[in-house]
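*Asks:* what shape does this take:
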Amino acid sequence: MQITTKAIVLSSLKYGDTSLIVKAFTESDGLKSYLLKGILTSKRGKLKAAYFLPLMQLEMVANHKNKGTLESIREVKVAAPYQTLHTDIVKNSMVLFLAEMLGNSIQEQEQDKGLFNYLEYALHWLDHNPTNPNFHLLFLLNLTKYLGFYPGTTFQNAPYFDLLEGSFTAVPTLNPLIEGETLVNFQKFLGINFDALQTVRIGKPQRQELLKKVILYFELHLHGFRKPKSLAVLNAVFE
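*Replies:* Next up is the predicted model:
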């Protein structure tokens, strides 16, 4: 079935010497994988490899067989040209990390307009605002709303957050916990929007410790989740 849809690129993997396999989150059908034959050698084709950089926002005409196999793309154009995401070294490192996190987290092969709209908005905000070293933390916590495990905010003044239960608790449990200074920093991100990030102050070691806990939170709640390889690069750019 031929379909026109917006899509956000999550990853592109070289296949053979001339082709790419692209994984994208589409507005029409959720997660899709496409085989782009000969794209790395074709100079006159409508499809260019540069369209399929991480988190590019595209509008494309695709053939969806919806049989769990690799789909194909007939036409593509950039839906939202970025000003800074692929040229600013810090933002680009963040993009690589977030693309990997999304690729490891989104598993639904069905339409999810709420999640798609959130990703569009968040990427537009990142592109059009000054770099904020805490953006990825808020992005990931807000992402959990759409994945089904946003932290419960009842008893938010309790001294522990149980990562497995996804809730605050007055007494320590045997599950992995957030506590102490990391818990104080964790609470700063709950219930805020991106514009409020400028008010959040966290040092680099504290940010890295909180990010470890957030990644563990994803690991505990998503079957088959893999830790991102790009984490070390992200940590290196925020000296």
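*Asks:* tally of neighbours for F168?
*Replies:* Summarising burial for F168: neighbours were counted as other CB atoms under 10 Å, giving 21. Any C-beta I mention is one placed from the backbone N, CA and C, and that applies to glycine too.
*Asks:* from now on call the first residue 5
*Replies:* Sounds good: first residue 5 from here, last item F172.
*Asks:* need the next SSE after the helix or strand harbouring it, C-terminal direction.
*Replies:* Using DSSP states H and E, F172 maps to strand 171-173. Using DSSP H and E, the helix or strand that follows strand 171-173 in sequence is strand 181-183.
*Asks:* what average pLDDT does the strand with the most length in the chain get?
*Replies:* Longest among the strand segments of the chain by residue count, using DSSP state E, is strand 6-19. When pLDDT is averaged over strand 6-19, the result is 96.
*Asks:* any residues touching that strand, and which ones?
*Replies:* Contacts to strand 6-19, defined as CB atoms under 8 Å, 6 or more residues apart in numbering, come from residues 24-33, 35-36, 39, 44, 53, 55-68, 78, 83, 103-104, 106-107, 110, 120, 123-124, 127.
*Asks:* so what's the residue lying closest to N136 once chain neighbours are set aside up against?
*Replies:* Of all residues not flanking N136 in the chain, L201 sits nearest, at 4.8 Å (CB to CB, 6 or more residues apart in numbering). Listed by CB under 8 Å, 6+ apart, the contact set of L201 reads N136, N138, F139, L142.
*Asks:* apply 10 Å and report the result again.
*Replies:* W129, N133, N136, P137, N138, F139, L141, L142, F143, K192, F193 (CB atoms under 10 Å, 6 or more residues apart in numbering).
*Asks:* among the residues you listed, which lie within helices?
*Replies:* Applying DSSP state H to the contacts of L201, the entries found in helices are W129, F139, L141, L142, F143.
*Asks:* domain map for the protein?
*Replies:* 6-82, 93-241 (automatic domain parsing).
*Asks:* endpoints of the shortest one, how far apart?
*Replies:* For domain 6-82, the separation between the terminal residues is 19 Å (CA to CA, to the nearest Å).
*Asks:* next: the longest one.
*Replies:* Between the opening and closing residues of domain 93-241 lies a distance of 8 Å (CA to CA).
*Asks:* could I get the average pLDDT for it?
*Replies:* 94.
*Asks:* may I ask which of the contacts of L201 has the most neighbours?
*Replies:* F143 (23 neighbours).
*Asks:* so it sits against M98, correct?
*Replies:* Yes - counting by CB atoms under 10 Å, F143 touches M98, with 8.6 Å between them.
*Asks:* need the residues touching each of these two.
*Replies:* With CB under 10 Å, 6+ apart, F143 and M98 have common neighbours L130.
*Asks:* and the helix or strand that comes right after the longest strand of the chain, what's its mean pLDDT?
*Replies:* Under the assignment DSSP H and E, the closest C-terminal helix or strand after strand 6-19 is strand 23-30. Averaged across strand 23-30, pLDDT comes to 96.
*Asks:* ok, then the element right after strand 23-30?
*Replies:* strand 34-40.
*Asks:* by how many degrees do that following strand and strand 6-19 diverge?
*Replies:* Relative orientation of strand 34-40 and strand 6-19, computed by axes from the mean of the first three to the mean of the last three CA atoms, to 10 degrees: 60 degrees.
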